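>>> pasting a predicted model and its sequence here:
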Amino acid sequence: MAVDTNLIKSPYKKEKFTKEQIEDLVKCTQDPLYFIENFVWIQHPVKGRMRFDLFDFQRGLLDAYHNHRYSIALISRQMGKSTAAAAYLLWYAMYVPDQTILIAAHKYSGAQEIMQRVRFAYELLPDHVRAGVTAYNKGSLEFDNGSRIIAQATTENTGRGLSISLAYLDEFAFVRPTIAREFWTALSPTLSTGGKCIITSTPNQDDDQFAQIWRGACNTLDEFGNEKETGKNGFKAYSADWKQHPDRDQEWADQEQSKIGEERFRREHLNEFIAYDETLISSLKLAVMESKEVYKRTGQVRWYKNITKGKTYIAGLDPSLGTGGDNAAIQVIKKKVKIKNLLKKKNKLIKIEFYPPILIFYATTCRIRQSNPRQ
């Protein structure tokens with residue numbers, strides 16, 4: 001079977017450009033939106049091959065990618081976030097030389113799907129706006145300007161040994177929590193040397209690594225109460241839900257909610273951090289509850305209120321297996337009509353048999369502090 005050699009451009013090729021082609025090339029070099037809207041084609045799941053006509057929220061998303069070193073996007077399902085990211089990564093690789101771009105998805109098939117969108121867009125570009133290719137594989141692309149794109153599944157060791165210029169983390173909220181923490185710990189030093197990072201996902205748990213980065217990005221007030229463009233962790237936060245998709249209306253939303261239920265609809269399409277796991281208290285109720293600021297910390301203990309002399313306190317234990325999975329928690333609360341949380345301690349590695357003495361210790365600590373609050 002003959003191979004269409006026009007799918008890719010030969011590397012280090014000498015060419016003659018018309019004046020119009022040179023103008024196109026200059027504009028593409030300077031503006032990823034111009035490149036995407038004028039030259040990128042995509043595969044729509046229903047409409048098939050079509051020009052990438054960006055929605056307004058996708059323009060905002062690409063602006064966040066391009067103008068901020070770190071960006072995190074909370075986007076609802078099937079909004080075209082991965083397609084927009086694929087187009088931007090292609091632009092970045094072809095027009096910024098000597099870059100190593102990592103695509104990390106929660107599954108290898110997801111990383112391959114994004115790479116397929118990159119390849120599809122590249123193959124349909126006219127030669128005068130695309131770079132030559134030195135290596136063209138399912139899991140990687142290398143261009144004659146020294147840049148390359150690598151696609152991998154997210155593991156504890158993904159990206160180790162690579163000098164990463166730009167990391168794109170797709171559906172990061174759905175990476176297993178222990179892997180996400182280890183991966184982020186390994187990736188952060190690499191990014192601190194000057195690399196860019198783009199994270200996109202729909203919400204999952206409210207305490208996973210993605211949720212923590214998202215909350216840090218949304219905390220945009222400085223120590224003087226002034227609003228900043230990025231959060232305290234340096235990330236630019238961007239969010240879009242189903243209402244910003246021009247092809248969706250209330251009738252679509254009502255039908256979708258009737259199919260998957262209110263809880264899943266609010267998580268998948270309204271970007272609410274509602275836990276999927278079955279809980280004693282409804283996850284919809286938990287979603288509207290506000291967290292309380294920590295009064296102080298002593299080790300792993302978080303204090304929410306000081307001890308009041310003469311009051312009665314209740315100590316409770318929610319144990320785990322102590323294997324490093326779920327947290328175990330000890331809580332001490334004040335007994336009254338409205339029970340107030342006093343302190344909380346959590347740990348993943350303490351065996352169940354060690355909790356009774358620990359519980360007695362914290363109960364004793366509270367009793368001592370009752371008699372002498374300064375301790």
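It's in. Numbering: from 1, shown residues only.
>>> mind jotting down where the helices sit in the stretch 201-350 of the chain?
209-218, 250-260, 262-269, 283-288 (DSSP state H, counting those that start in this stretch).
>>> same list (the ones you listed) but as CSV, adding mean neighbour count and mean pLDDT.
(C-beta placed from N, C-alpha, C; glycine too.) Shown next, in CSV, are these (neighbours: other Cβ atoms under 10 Å; pLDDT from 0 to 100):
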stretch, mean neighbour count, mean pLDDT
helix 209-218, 21, 93
helix 250-260, 12, 94
helix 262-269, 19, 90
helix 283-288, 13, 51
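>>> right, and those helices - which one's nearest S165?
Closest of the helices of the stretch 201-350 of the chain to S165 is helix 209-218, at 19.6 Å (criterion: Cβ to Cβ).
>>> got the buried residues for the helix or strand in which Q112 is found?
Applying DSSP states H and E as the criterion places Q112 in helix 108-123. Neighbour counts over helix 108-123 (16 or more other Cβ atoms under 10 Å) mark G110, A111, Q112, E113, I114, M115, R117, V118, R119, F120, A121, Y122 as buried.
>>> wait, which of the residues you listed is closest to R49?
F120 (8.6 Å).
>>> can you tell me how far the closest residue in space to that closest one that isn't next to it in sequence is from F35?
Nearest residue to F120 in three dimensions, chain neighbours excluded: Q43, at 6.0 Å (Cβ to Cβ, 6 or more residues apart in numbering). In this view, Q43 and F35 are 18 Å apart by Cβ to Cβ, to the nearest Å.
>>> any chance of the helices of the stretch 201-350 of the chain in JSON lines with distance to R148 as columns?
Formatted as JSON lines, the helices of the stretch 201-350 of the chain follow (distance: least, Cβ to Cβ, whole Å):
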{"stretch": "helix 209-218", "distance to R148": "26"}
{"stretch": "helix 250-260", "distance to R148": "39"}
{"stretch": "helix 262-269", "distance to R148": "34"}
{"stretch": "helix 283-288", "distance to R148": "42"}
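>>> out of those, flag the one nearest Q58.
helix 262-269 (16.7 Å).
>>> check which helices and strands the closest one sits against.
If you count contacts as 3 or more Cβ pairs under 8 Å, 6 or more residues apart in numbering; DSSP states H and E, helix 262-269 packs onto helix 250-260, helix 283-288.
>>> go through the helices of the stretch 201-350 of the chain and name the closest to T298.
Going by Cβ to Cβ, the one of those nearest T298 is helix 209-218, 21.5 Å.
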